[in-house]
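S.K.: sharing a model prediction with you, sequence too.
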Amino acid sequence: MIMKEIPKVRYAVIGGSGTWAGEYPENTGIEGIRILQRDMEFETPFGTTVPMKLFELDGSLTADGQPRQVLTVPFHGFHGLAPWNTPSEQVFWVFQQAGVEYIVAEGSAGGINPLLDPGDVVVPHDFIDMTKRPSNIHHFTNNIPRMNDPLCPDLRNLLVQAAREVYAGQNNRIFSRGVYGNTEPPRFETPSEVRMLRTMGADLTAHTIAVEAYLSRAIGACYAGAYIVSNFAEGVVDTSWQGENIFDCYRDCADKFGRITVKAIAAIDPSKKHCHCQENMIVVPSTVKERITMEP
């Protein structure tokens, strides 16, 4: 359903394959979540979004004791398994209009670091962008985002805490840092590409973090994500894995990753914010700004 008005919200969740197998946020089993609106589509300068959902967290769940509305989009805004046109730009145009300040994302990844096993959870601290798509940052800001501390340390800490709580007593390891190698979807990487990424310092590889991280910075929002290792990246281990196992992983982690994102969003306390995400912007002189268009 096309919506003419974008709700004003400070908090957003970008869903991925971590919650793909469940109905988010209903699958979390957390009391105090109320769905306010479903199937919200928005017309943007980059095309029509996939259906989004608006839900509210009861004040009993939140760090400030106040009800908190959250806008969420499934599977990174992709129109199907592959990204169609400009899904990230569609999503972030809506987030910018909504006034979103805090964004939590989730997904899955292939483990490049041989110490990572399927089922481990990684909250990356950095990324390598190997995509070939235009950045489109200039459609969201006339300034230049610095990618120093590209993933908000405050949100990363909350995601790590939530993941440790949700996975307490289980064998899944939680890693509070890692480098995410972002490659082109929808295919997996070749063994040679994986070796190249490992040489560059990547610990895991997948398809979504880079665009979301820099568009978050462009709109002045904090951003971080948690990712389940669903498989070894190609060539990392000698295995007869055929690919179908990742869907077992998705079915197992959907409710858990739903709880991780809800808990992290609920734990944000804007009055205790210590990050410098909004300060990582180079202000372009006005004489230069006049030459830059914001039109898509």
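M.R.: That came through fine. Numbering: from 1, shown residues only.

S.K.: which SS class is the residue in the chain sticking out farthest from the centre?
M.R.: Most distant from the centre of the chain: Thr287, at 34.8 Å, with distances by C-alpha atoms, centre = their mean. Under DSSP: H, G, I helix; E, B strand; the rest coil, Thr287 falls in the helix class.

S.K.: and stretch 179-188, which residues are buried?
M.R.: Under the neighbour-count criterion of 16 or more other C-beta atoms under 10 Å, stretch 179-188 has 179-183, 188 buried. Yep, even glycine has a C-beta here, placed from its N, CA and C like the rest.

S.K.: can you check stretch 21-34 too?
M.R.: Result for stretch 21-34 [16+ other C-beta under 10 Å]: buried residues 21-22, 24-25, 27-28, 30, 33.

S.K.: which of these fall in strands?
M.R.: Of these, the ones assigned to strands by DSSP state E are Ile33.

S.K.: redo the buried residues of stretch 21-34 as TSV? Include distance to Asp269 and pLDDT.
M.R.: Formatted as TSV, the buried residues of stretch 21-34 follow (distance: C-beta to C-beta, whole Å; pLDDT from 0 to 100):
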residue	distance to Asp269	pLDDT
Ala21	31	94
Gly22	27	94
Tyr24	23	97
Pro25	20	98
Asn27	26	95
Thr28	21	96
Ile30	18	97
Ile33	19	98
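
S.K.: and the helices in the stretch 101-250 of the chain?
M.R.: For the stretch 101-250 of the chain, the helices defined by DSSP state H, counting those that start in this stretch occupy 153-166, 191-200, 209-218, 245-267.

S.K.: and the gap between the spatially closest residue to Met200 that is not a sequence neighbour and Asp203?
M.R.: Among residues not flanking Met200 along the chain, Ile128 sits closest, at 5.8 Å (C-beta to C-beta, 6 or more residues apart in numbering). Noted for Ile128: a distance of 10 Å to Asp203, by C-beta to C-beta, to the nearest Å.

S.K.: quickly list what's touching both of the two.
M.R.: 179-180 (C-beta atoms under 8 Å, 6 or more residues apart in numbering).

S.K.: how far away is Leu67 from Thr261?
M.R.: If you look again at residue 67, you'll see it is Pro, not Leu. Counting by C-beta to C-beta - Pro67 and Thr261 are separated by 18 Å.

S.K.: those two: which is more packed in?
M.R.: More neighbours surround Thr261 than the other of Pro67 and Thr261, with 29 against 14 (other C-beta atoms under 10 Å).

S.K.: how about the more buried one, what does it touch?
M.R.: 13, 15, 19, 24-25, 104, 106, 159, 162, 226.

S.K.: which pLDDT value goes with it?
M.R.: What the model reports as pLDDT for Thr261 is 98.

S.K.: over to Ile292?
M.R.: 57.

S.K.: quickly list what the residue nearest to the spatial centre of the chain is bridged to.
M.R.: Residue closest to the mean C-alpha point of the chain, counted by C-alpha atoms, centre = their mean, is Ala105 at 2.5 Å. Ala105 has these beta-bridge partners by DSSP bridges: Ile14, Gly225.

S.K.: list the contacts of it.
M.R.: 13-16, 76, 208-209, 212, 223-226.

S.K.: please apply the same query to Met281.
M.R.: By C-beta under 8 Å, 6+ apart, the contact set of Met281 is 141, 143-146, 217, 220.

S.K.: I'd like to know which of those are buried.
M.R.: Buried among those (16+ other C-beta under 10 Å): 141, 143, 145, 217, 220.

S.K.: which one of the buried residues of stretch 179-188 is nearest Phe95?
M.R.: For these, the minimum distance to Phe95 (C-beta to C-beta) is 19.3 Å, reached by Asn182.

S.K.: for that closest one, which non-adjacent residue is spatially closest?
M.R.: Ala210 (3.8 Å).

S.K.: so how far is Ala162 from the one you found?
M.R.: 23 Å.

S.K.: what does Leu151 give?
M.R.: 15 Å.

S.K.: count of residues packed around the residue lying closest to Glu165 once chain neighbours are set aside?
M.R.: In this structure, Glu165 finds its nearest non-sequential neighbour in Lys263, 6.7 Å apart by C-beta to C-beta, 6+ apart. Other residues within reach of Lys263, judged by other C-beta under 10 Å, total 21.
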